[in-house]
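with the input below, show me the fold.
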Amino acid sequence: MAMSDPLGDMLTRIRNGQMAEKSVIECPFSKLRENVCKVLVDEGFIRAYKVEDRENNKKVLLIELKYAEGRGVIRQIDRVSKPGRRVYTSMKDMKRFYNGLGVLVVSTPRGVMADHQARAANVGGEVLCQVF
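Numbers count the residues shown, from 1 in each chain. Below you'll find the model as predicted:
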């Protein structure tokens, strides 16, 4: 059966992996997932990610989770724009998440980026998820 929300699935795997105190989790590869992982690495929420080839030309994302003082660095990770309700925002209307301590991951015409990068580039787009 086809997955209706692949990005939501990846975020849930990250959330569950941190609750189970896993060091590495894996999820199926897609370019959107890889771009979101790149933003999470740049913002310091995950340690690293790697794309690995498997049999039958399948690719897998291996995501290395990050912990500080025995606790997961990601305290909250939620999907904002869902398949049933897309959420778009302009640069002017983009809210700060946790007063700037959290990050909104935004899909813009210039690629997937964090909210502060989107404000600096003066672009808006679809708010994919919020991380704190």
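
and the residue most central in space within the chain, what does it touch?
The structure's the chain has its C-alpha centroid closest to residue 36; by Cα atoms, centre = their mean the separation is 4.1 Å. Residues near residue 36 by Cβ atoms under 8 Å, 6 or more residues apart in numbering: 7, 10, 105, 112, 128-129. For the C-beta atoms, the positions are set from N, CA and C on the backbone; glycine is no exception.

of these, which is the most crowded?
residue 105 (29 neighbours; other Cβ atoms under 10 Å).

quick one on the thing from earlier: closest one of the contacts of residue 36 to residue 23?
residue 10 (17.0 Å; Cβ to Cβ).

count the neighbours of residue 25 for me.
Neighbours of residue 25 using other Cβ under 10 Å come to 20.

can you check residue 121 too?
Residue 121 has 14 nearby residues by other Cβ under 10 Å.

so the residue nearest to the centre of the chain lies in a strand, does it not?
No - per DSSP: H, G, I helix; E, B strand; the rest coil, residue 36 lies outside any strand segment and is helix.

got any ranges where this protein has weak pLDDT?
1 (pLDDT under 70).

longest helix of it?
helix 6-19 (DSSP state H).

right, and the helix or strand after that one?
Counting by DSSP states H and E, the next helix or strand C-terminal to helix 6-19 is strand 24-28.

how near is residue 50 to residue 39?
Per Cβ to Cβ, to the nearest Å, residue 50 is found 16 Å from residue 39.

of those two, who's got more company?
Taking neighbours as other Cβ under 10 Å, residue 50 and residue 39 compare with residue 39 leading, 23 against 12.

my guess is that one contacts residue 116, does it?
No - at 10.9 Å, residue 39 and residue 116 do not qualify as touching, with contact defined as Cβ atoms under 8 Å.

what touches both of the two?
Shared contacts of residue 39 and residue 116, counting by Cβ under 8 Å, 6+ apart, come down to residue 103.

coming back round to it: can you lay out the contacts of residue 36 as JSON lines showing distance to residue 68?
Putting the contacts of residue 36 into JSON lines (distance: Cβ to Cβ, whole Å) gives the following:
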{"residue": "7", "distance to residue 68": "25"}
{"residue": "10", "distance to residue 68": "22"}
{"residue": "105", "distance to residue 68": "21"}
{"residue": "112", "distance to residue 68": "25"}
{"residue": "128", "distance to residue 68": "24"}
{"residue": "129", "distance to residue 68": "21"}
